[in-house]
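Novice: sequence? don't have it. structure:
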């Protein structure tokens with residue numbers, strides 16, 4: 001008799017566990033659907049807001065724009081000063097006014113920088129000190145800036161700010177990477 005009760009209890013626990021698992025899976029699917037709908041709504045809301053703002057995009061002070069953008073990543077208020085500008089590969093080197101840190105801004109993806117560095121290491125080794133991106137330390141990690149973490153008009157303001165400081169156009173305007181040099 002005790003064995004039958006034990007078997008019935010184990011079967012009931014397994015049965016209720018399966019019911020709970022099925023219920024949890026159904027809730028997970030419902031929550032995923034809500035999350036997806038929320039993301040779609042947020043994207044549409046950004047499109048509407050962005051359409052109204054696109055007409056008025058301008059960057060008065062490009063250096064202040066870069067300072068504000070970098071401050072979001074570094075976590076402290078920076079007053080940047082331009083140190084150097086390189087053409088190939090494109091990089092803008094700035095230093096904080098207090099000398100606290102040096103930042104390198106580039107529109108080139110980090111994997112592309114590594115590829116260039118590996119390909120031309122022998123030929124460019126004598127010029128590596130000239131362009132900062134080709135002489136980055138191995139541990140240097142980039143911080144990615146985009147519309148998601150830098151404002152809904154980031155990709156429209158970036159070409160204006162870049163051209164304002166460097167005098168050059170920029171091909172890739174969706175992302176910008178920052179390397180902290182020191």
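Specialist: Right, received. Where do you want to start? Because the structure is a prediction, the values reported are computed rather than measured.
Novice: quick one: contacts for the residue nearest the centre of the chain?
Specialist: Nearest residue to the geometric centre of the chain (C-alpha atoms, centre = their mean): residue 144, 3.0 Å. With contacts taken as C-beta atoms under 8 Å, 6 or more residues apart in numbering, residue 144 has the following neighbours: 175-177. Quick note: C-beta positions are derived from backbone N, CA and C, even for glycine.
Novice: And the pLDDT for it?
Specialist: Note for residue 144: predicted pLDDT of 86.
Novice: who does the helix or strand hosting it pair up with?
Specialist: Residue 144 is located in strand 142-145, with elements delineated by DSSP states H and E. Strand 142-145 has the following strand partners under DSSP bridges: strand 176-180 (antiparallel).
Novice: Name the helix or strand for residue 82, please.
Specialist: According to DSSP H and E, residue 82 maps onto strand 80-86.
Novice: Show the buried residues in the contacts of residue 144.
Specialist: 175-177 (16 or more other C-beta atoms under 10 Å).
Novice: What is the nearest of those residues to residue 166?
Specialist: The shortest approach to residue 166 among the buried ones among the contacts of residue 144 belongs to residue 176, at 12.5 Å (C-beta to C-beta).
Novice: Quick check: the closest one vs residue 100, distance?
Specialist: Summarising the geometry, the distance separating residue 176 from residue 100, computed by C-beta to C-beta, to the nearest Å, is 21 Å.
Novice: mind listing what the strand holding residue 82 pairs with, with the direction of each?
Specialist: Strand 80-86 pairs in its sheet with strand 91-96 (antiparallel), by DSSP bridges.
Novice: any idea which helix or strand of the protein has the worst average confidence?
Specialist: Taking mean pLDDT, DSSP states H and E as the measure, the helix or strand of the chain with the lowest value is helix 121-124, at a mean of 54.
Novice: pLDDT weak spots in the chain?
Specialist: Scanning the chain for pLDDT under 70 picks out 120-134, 137, 182.
Novice: Identify, by residue count, the longest helix of this protein.
Specialist: Secondary structure of the chain read by DSSP state H shows that its longest helix is helix 2-54.
Novice: Give me the three-state assignment for the residue nearest to residue 76 when sequence neighbours are not counted.
Specialist: Distance criterion C-beta to C-beta, 6 or more residues apart in numbering; nearest residue to residue 76, sequence neighbours excluded, is residue 100 at 7.9 Å. What DSSP: H, G, I helix; E, B strand; the rest coil gives for residue 100 is coil.
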